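> I would like the atomic coordinates for the input below:
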Amino acid sequence: MSLPELAPRSGVRGILAAWLIAAAIALAVGVTVPGGAQPAWMAVGMGFVVIASFAIQLAGGHPHGFIERTAASVVGGLCVMGLIGVGLGLASLFSV
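Sure, this is the predicted structure:
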């Protein structure tokens, strides 16, 4: 008699954690950095999101689907930071 396979754990929490980190970094850059330097600091923040998402997925300890979860974390973080960046850009256009 063999043991049944364990049900794979969901990686959604790790993906959402990376997205929340991306949102927090983008908002922190938008609030603290002057307008001309924001794009450069967004790129630095995105680099941190890549490293953080890799570390979060490694800490999960589940090898199946690691590449897919890491890619979803990074691409989702990029989208989150992009949307917040667009919002910050529009806000700077309409501010006096």
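> low pLDDT regions in this protein?
The model of the chain has pLDDT under 70 over residues 1-9, 96.
> hmm, 80 instead?
1-10, 35, 96 (pLDDT under 80).
> in it, which helix has the most residues?
Determined from DSSP state H, the single longest helix within the chain is helix 66-94.
> how about that one, which residues are buried there?
69-70, 72-74, 76-77, 80-81, 84-85, 88 (16 or more other C-beta atoms under 10 Å). The way it works is simple: take the backbone N, C-alpha and C, and place the C-beta from them, glycine included.
> spatially nearest residue to Arg69, not counting backbone neighbours?
If the residues on either side of it in the chain are set aside, Arg69 comes closest to Gly11, at 4.1 Å by C-beta to C-beta, 6 or more residues apart in numbering.
> can you report how many residues neighbour the one you found?
20 (other C-beta atoms under 10 Å).
> from here on, count from 846
From this message on, residue numbering opens at 846, which makes the last subject Gly856.
> contacting residues for it?
By C-beta atoms under 8 Å, 6 or more residues apart in numbering, Gly856 lies in contact with 902, 905, 907, 910, 914, 917.
> how much space between the spatially most central residue of the chain and Ala869?
Per C-alpha atoms, centre = their mean, the C-alpha nearest to the average position across the chain is that of Gly922, at 2.9 Å. Going from Gly922 to Ala869 by C-beta to C-beta, to the nearest Å gives 11 Å.
> before we move on, what about Gly932?
15 Å.
> related to what we said a few turns ago, which two in the contacts of Gly856 are spaced the farthest apart?
Farthest-apart pair in these is His907 and Ala917; separation 13.9 Å (C-beta to C-beta).
> was I right about Ala868 contacting Ile929?
Yes: using C-beta atoms under 8 Å, Ala868 is in contact with Ile929, at 6.5 Å.
> ramachandran angles for His907?
Main-chain torsions, His907, degrees, to the nearest 10: phi -110, psi 110.
> helix, strand, or coil at Ser855?
coil (DSSP: H, G, I helix; E, B strand; the rest coil).
> can you give me the neighbour number for it?
With other C-beta under 10 Å as criterion, Ser855 counts 12.
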